[in-house]
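J.: Got a predicted structure plus its sequence, pasted below:
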Amino acid sequence: MKIFAALLLTAVTAFPQVAAEVNKAYKTKEGRDKVAKTLDNPNRDKNQKPEEIIDLMGVKPGMSVADIGTGTGYMLPFLSKAVGSKGKVFGEDIADDFLDRARAKVKSDNLANVELVLGNETDPKLPPRSVDRILVLDVYHHFDYPDKMLANLGRALKPGGHLAIVDFYKKDRPDHIRLERDDVVKEIESNGYRVVSSRERTGNNQYMVIFEKR
């Protein structure tokens, strides 16, 4: 009986970490410091086109928006401005040191409508039915447990809320990206979402697909 219980526990806890290889650089503070430099690249605005992304997401003043995997908080000033003083922005990450950098940005830019949240690999820890829009920018390919994350993101969406995935094509970065766009769509659809809109190219030559819960 003890052997059976041990095997059952192993089966329950040994979920596949589908992005383990891609996430190696994020496992140490030194690695995250290197990543932070790319996230804070002063030329990023020109390539990423953050205002375009926000416009395509349909973000309006007064909305509540979550930036999943906010990292150093690059998108927070843009989202904060878009939702205005009556809106709310959640900046979520699973790394404390990234959130420390984001916290410094929130303070220096006086982003009074931004709240930072420490999530984990399976749950962003957002309040239930709290957000109108969720942005997953350059982050979906880092999800180790996409089924669990998608379930918990869905719980955080308000009725009629949207999940926006912006990511790279696998053909452009085959060593880094787990799935091609069409397979990402299939994976998300299989977890209870449907496509609202799709765009072939946006900032950084990435695709953008917007979903809602079925």
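T.: Right, received. Where do you want to start? Numbers count the residues shown, from 1 in each chain.
J.: can I assume P77 sits in a strand?
T.: No: assessed with DSSP: H, G, I helix; E, B strand; the rest coil, P77 is helix; it does not lie in a strand.
J.: roughly how far apart are it and M208?
T.: Shown here: P77 relative to M208, a distance of 20 Å by CB to CB, to the nearest Å. Using the backbone N, CA and C atoms, a C-beta is placed for each residue, glycine as well.
J.: Who has more neighbours out of those two?
T.: Here P77 and M208 are compared on neighbour count by other CB atoms under 10 Å; more neighbours surround M208, at 22 against 18.
J.: Can you give me the distance of the more buried one to A104?
T.: If you measure M208 against A104 using CB to CB, the figure is 29 Å.
J.: residue ranges of the helices in the protein, please?
T.: Secondary structure of the chain (DSSP state H): helices located at 2-13, 29-39, 44-48, 50-57, 76-83, 96-108, 146-156, 181-189.
J.: Could you export the ones you listed as JSON lines, including mean pLDDT?
T.: Formatted as JSON lines, the helices of the chain follow (pLDDT from 0 to 100):
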{"stretch": "helix 2-13", "mean pLDDT": "40"}
{"stretch": "helix 29-39", "mean pLDDT": "83"}
{"stretch": "helix 44-48", "mean pLDDT": "88"}
{"stretch": "helix 50-57", "mean pLDDT": "96"}
{"stretch": "helix 76-83", "mean pLDDT": "98"}
{"stretch": "helix 96-108", "mean pLDDT": "97"}
{"stretch": "helix 146-156", "mean pLDDT": "98"}
{"stretch": "helix 181-189", "mean pLDDT": "98"}
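J.: Adding distance to P174 as columns, could you present these in CSV?
T.: Below are the helices of the chain laid out as CSV (distance: least, CB to CB, whole Å):
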stretch, distance to P174
helix 2-13, 31
helix 29-39, 19
helix 44-48, 20
helix 50-57, 24
helix 76-83, 30
helix 96-108, 26
helix 146-156, 19
helix 181-189, 13
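J.: Just say which of those is most tucked in.
T.: helix 76-83 (a mean of 22; mean count of other CB atoms under 10 Å).
J.: quick revisit: kindly state which of the helices of the chain is positioned closest to G69.
T.: Across the helices of the chain, the minimum distance to G69, taken as CB to CB, is reached by helix 96-108, at 8.6 Å.
J.: quick one, that closest one and helix 76-83 angle?
T.: Between helix 96-108 and helix 76-83, the angle comes out at 50 degrees (axes from the mean of the first three to the mean of the last three CA atoms, to 10 degrees).
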